[in-house]
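# build me a model from this:
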Amino acid sequence: MASALTFPLALTEFFDGLHVASVGFDLMENMRHSATQGGEVLVSDLGPRLWTFEVQVTTKHHADARKGEALARMLRQAGRPFFAYDKSAAYPAADPGGVILGSSTPTINTINSDNRRMRVQGLPAGYVLSRGDLLSFTYGLDPSRYALHEVITPVTADGSGLTPLFEVSPFIRPGAQAGAAVTFVKPFCKAVMIPGSYRPGLRRPAFTEGLSFAAIQTLR
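Presented below is the predicted three-dimensional model:
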């Protein structure tokens, strides 16, 4: 008897199997602004910045397309999140395929008090992190939460595999701790479908084309 799916839906269950024609990840702003009589623009944050993304799937044979569509339709309801990653940034820029990283097990060494900078240990000696690389880690308990960050200041690990402090975006949230495992290969976030964004594929004589949807990171 097949077991029921568990959520968040694992990468191997859904997102890995999507052959995308295009994917767009963005870190949305969540703020308001107002202007004073003197012409000064005042800006304030309203809440956490979350990753959003849109996916369009490649043209596929009908049978293959239906497999992805069935899961996507199943995810279009409350309580069914899934893990996802930016397929255009699945590896650090200086390490295509993650070959250099190999079996290394990097972890957070330090989180600076400004919650903008961190150090990572356990990398190969001389490992390079470039601006725009992504990383993820788990933090918090009951529930576990999943952080996805973008490298802002490029760094190179020293001979022991420890990086200098480097800045990431968004801010590192409360609950993140030294010792947490850091993912550089397919760094992921937990996401939910944005209601109304799903577009089913169009059936052609031999192929299905045009399946697309949008999703947003969720911290719970």
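
# only C-alpha atoms for contact and neighbour calcs from this point on.
Noted.

# and the next helix or strand past the helix or strand of the chain with the lowest mean pLDDT?
Counting by mean pLDDT, DSSP states H and E, the weakest-scoring helix or strand in the chain turns out to be strand 41-45, with a mean of 65. Sequence order places strand 51-57 as the next helix or strand after strand 41-45, per DSSP states H and E.

# pairing partners for that following strand, with directions?
When sheet partners are counted by DSSP bridges, strand 51-57 sits next to strand 20-27 (antiparallel), strand 212-217 (antiparallel).

# now the helices: where do they sit in the chain?
Remark: helices assigned in the chain by DSSP state H are 62-74.

# mind showing which ranges of it have poor pLDDT?
Along the chain, the parts satisfying pLDDT under 70 run over 1-2, 31-34, 37, 41-46.

# show me it divided up by domain.
The chain resolves into domains spanning 1-89+186-220, 91-185 when parsed by automatic domain parsing.

# let me have these in CSV, extended by mean neighbour count.
Listed next are those as CSV, based on neighbours: other C-alpha atoms under 10 Å:
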stretch, mean neighbour count
domain 1-89+186-220, 15
domain 91-185, 18
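
# hmm, back to that, ok, which of the strands paired with strand 51-57 comes nearest R49?
Of all the strands paired with strand 51-57, it is strand 20-27 that lies closest to R49, at 6.4 Å by C-alpha to C-alpha.

# give the contact list for F15.
By C-alpha atoms under 8 Å, 6 or more residues apart in numbering, the contact list for F15 reads F83, A84, Y85.

# switch the cut-off to 10 Å
Applying C-alpha atoms under 10 Å, 6 or more residues apart in numbering to F15 gives the contacts L9, G68, L71, A72, F82, F83, A84, Y85, K87.

# and it, how far is that from R49?
22 Å (C-alpha to C-alpha, to the nearest Å).

# so T52 bridges to which residues?
Counting by DSSP bridges, T52 is bridged to D26, I216.

# to clarify, my last question referred to F166.
Residues in a beta bridge with F166, per DSSP bridges, are M118.

# doesn't R117 make contact with it?
Yes: contact status for F166 versus R117: in contact at 5.0 Å, counting by C-alpha atoms under 10 Å.

# quick check: neighbours shared by the two?
Contacts common to F166 and R117, judged by C-alpha under 10 Å, 6+ apart, are I111, V151, I152, T153.
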